[in-house]
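In: coordinates only, sequence not included:
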């Protein structure tokens, strides 16, 4: 299959036509900021579950995770158990209270729970900073795919990704994005499931595949990573998932607490199917092309050379969907953090709904441009960048979210200093001590979360408790209606 393949062009055109149509529909059903950031609290469990899965399944999965399985083999599958542990923590300890609160942004929770505009502002700023790193990975993956398949410069591909995703995100907000992500999830699952028999048949079956890749390097079918390394990776992803702002904001858009819990369960099933498929495909590509110059090229080369034109086109659209769904969610979170939590609170508290909608849309466009420079520098492979941002999210946000929602004594000073300590600890450890202590299983995420937790408890104990009226909505028996 080539870049000018008629089937590829048709499949891509149909996909973008549907996306554009849904975005326009969402635009005409968006009247205020609640519609834009929370879809009017109207999302059901199946669409919600697909949204949570699509947000989680990014370039880090289709390009990075598949590439990691290509390079390191079976053992990388264990990181999914950390992710699922994070989802369980979220379903039990985070999601129900956040949905009952019914705000618009994650920083809304921080500001209300800790009665602090300073904590709100700090959390919004850290979210924007950290998700800029995450966007870098998505843009870099787009460049890898476009270069391998279409032979176009990475910068051109990144511009196309920003233009298309930024446009439909800014146009329809969460309402249209949710239904687009449902479509994207269906495409991703369908493409992966259909790809499995094709790739397996190319290597002569599962048994032959295992024997061949094991002969290349026994660690591929055994243990490439140590148990400590896998635990560290899994913990980073799990802690980040439990308190991921781009997932947490989607809880606000769902109908009620029951819907949120069902959506998380559906999402975990979808992710299990995707995770297992990606592992097999990564191993299969190692069997077909054992010595690719970059593991990140495995998925795009598979689509262009191993599959039929129709299936290859579908798989490429699935890869684009994975990237676009995550970029869309990140842009909504960072745009909302800037417009709702910084602009509205600090610059123009009297802003009208029309002005807030405009600022949200402009923020999405502007904040989408920032990661280009970082992506062009290519600081690491896609999966490495995804892992690092997960560590930072876990380090500064896990404790204020999970402990803050389940321990009344947490204070604004505790929240602020725990975020500072967690972020700083992770940053310092990553750039100074990580290599020296990695063999001992001491990871920057563990250091950051530990420092954040210790700081949160000690400072909270030493400072004035949060006012009761701020705690009632999170810890009281009644919190008002589910909708709205």
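Out: Noted; the coordinates are in hand. Keep in mind that what you see is a predicted model, and the values were worked out from it rather than measured.

In: run through who's touching stretch 346-360.
Out: 30-33, 36-37, 121, 170, 173, 335-336, 338-340, 343-344 (Cβ atoms under 8 Å, 6 or more residues apart in numbering). The C-beta positions use only the backbone N, C-alpha and C, and glycine is treated the same way.

In: at 7 Å instead, please
Out: 32, 33, 36, 121, 335, 336, 339, 343, 344 (Cβ atoms under 7 Å, 6 or more residues apart in numbering).

In: buried ones among these?
Out: For the contacts of stretch 346-360, a burial check counting by 16 or more other Cβ atoms under 10 Å picks out 33, 36, 121, 335, 336, 339, 343, 344.

In: nearest to residue 195, of those?
Out: residue 335 (33.9 Å; Cβ to Cβ).

In: need the contact list for the closest one.
Out: 360, 363, 364, 367.

In: rewinding a little: can you pick out the most distant pair from the contacts of stretch 346-360?
Out: Most distant of those, by Cβ to Cβ, are 32 and 121, 23.2 Å apart.

In: residues contacting the residue positioned nearest the centre of the chain?
Out: Using Cα atoms, centre = their mean, the residue of the chain that lies closest to the mean C-alpha position is residue 56, 4.3 Å off. Neighbouring residues of residue 56 by Cβ under 7 Å, 6+ apart: residue 271.

In: ok, it to residue 290 distance?
Out: 30 Å (Cβ to Cβ, to the nearest Å).

In: for residue 307, phi and psi?
Out: phi -90, psi 160 (degrees, to the nearest 10).

In: that one and residue 314 touch, don't they?
Out: No - applying Cβ atoms under 7 Å, one finds residue 307 not in contact with residue 314, separated by 8.4 Å.

In: what's the span of stretch 216-230, first residue to last?
Out: 22 Å (Cα to Cα, to the nearest Å).

In: now find how far off-centre it is within its chain.
Out: Between the centre of stretch 216-230 and the centre of its chain there are 26 Å (Cα atoms, centre = their mean, to the nearest Å).

In: in TSV, list the buried ones among the contacts of stretch 346-360 along with distance to residue 205 and secondary structure.
Out: Converted to TSV, those look like this (distance: Cβ to Cβ, whole Å; DSSP: H, G, I helix; E, B strand; the rest coil):
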residue	distance to residue 205	secondary structure
33	55	helix
36	50	helix
121	57	helix
335	48	helix
336	49	helix
339	54	helix
343	58	helix
344	59	helix
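
In: how about the helices in the stretch 151-300 of the chain?
Out: Remark: helices assigned in the stretch 151-300 of the chain by DSSP state H, counting those that start in this stretch are 154-202, 206-216, 227-242, 245-252, 257-288, 298-301.

In: highest mean neighbour count out of the ones you listed?
Out: helix 245-252 (a mean of 26; mean count of other Cβ atoms under 10 Å).

In: low-confidence ranges in the stretch 251-400 of the chain?
Out: 377-383 (pLDDT under 70).

In: where along it do the strands fall?
Out: Applying DSSP state E, counting those that start in this stretch to the stretch 251-400 of the chain gives no strands.

In: tell me the buried residues in stretch 113-131?
Out: 113-116, 119-128, 130-131.

In: can you name the residues in contact with it?
Out: With Cβ under 7 Å, 6+ apart as the criterion, stretch 113-131 contacts 106-107, 110-111, 245, 330, 333-334, 337-338, 341-342, 345-346, 367, 389, 392-393, 396, 404, 410-412, 415-416, 419, 423, 466-467, 470, 474.

In: restricted to helices, list those residues.
Out: Members of those lying in helices (criterion: DSSP state H): 106-107, 110-111, 245, 330, 333-334, 367, 389, 392-393, 396, 404, 412, 415-416, 419, 423, 470, 474.

In: just read off the phi/psi values of residue 43.
Out: According to degrees, to the nearest 10, residue 43 has phi -80, psi 130.

In: dump the helices of the stretch 151-300 of the chain into TSV; add distance to residue 79 as well.
Out: Formatted as TSV, the helices of the stretch 151-300 of the chain follow (distance: least, Cβ to Cβ, whole Å):
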stretch	distance to residue 79
helix 154-202	17
helix 206-216	19
helix 227-242	5
helix 245-252	17
helix 257-288	9
helix 298-301	17
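
In: hey, where'd the helices end up in the stretch 1-150 of the chain?
Out: 6-28, 33-38, 45-56, 59, 66-72, 79-89, 95-101, 106-113, 117-149.

In: and those helices, which one averages the lowest pLDDT?
Out: Per-segment mean pLDDT for the helices of the stretch 1-150 of the chain reaches its minimum on helix 59, at a mean of 67.

In: before we move on, back to that, mind picking the two most distant members of the buried residues of stretch 113-131?
Out: 115 and 131 (25.5 Å).

In: distance of the residue nearest to the centre of the chain from residue 455?
Out: 29 Å.

In: again, but for residue 310
Out: 55 Å.

In: who has more neighbours out of those two?
Out: residue 455 (22 against 15; other Cβ atoms under 10 Å).

In: distance from the chain centre to the strand or helix carrying that one, please.
Out: Using DSSP states H and E, residue 455 sits within helix 444-462. Remark: helix 444-462 is offset 24 Å from the chain centroid, using Cα atoms, centre = their mean.

In: before we move on, what about stretch 403-419?
Out: For stretch 403-419, the distance to the chain centre is 24 Å (Cα atoms, centre = their mean).

In: got the buried residues for it?
Out: So stretch 403-419, judged by 16+ other Cβ under 10 Å, has buried residues 403-405, 410-419.

In: now that stretch: average pLDDT?
Out: 94.

In: measure that stretch end to end?
Out: 12 Å.

In: for that stretch, which outside residues touch it?
Out: 93-94, 97, 110, 113-116, 118-119, 122-123, 126, 396, 399-400, 452-453, 455-456, 459-460, 463-466, 471, 474-475.

In: and for stretch 364-376?
Out: In contact with stretch 364-376 (Cβ under 7 Å, 6+ apart) are residues 128, 132, 135-136, 139-140, 143, 155, 158, 162, 166, 169-170, 331, 334-335, 338.

In: ok so, going back, let's have the helices of the stretch 1-150 of the chain in a markdown table, adding distance to residue 351.
Out: Shown next, in a markdown table, are those (distance: least, Cβ to Cβ, whole Å):
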| stretch | distance to residue 351 |
| --- | --- |
| helix 6-28 | 20 |
| helix 33-38 | 9 |
| helix 45-56 | 28 |
| helix 59 | 34 |
| helix 66-72 | 44 |
| helix 79-89 | 35 |
| helix 95-101 | 22 |
| helix 106-113 | 16 |
| helix 117-149 | 16 |
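
In: of those, which is nearest residue 197?
Out: Comparing those under Cβ to Cβ, the one sitting nearest is helix 66-72, at 16.9 Å.
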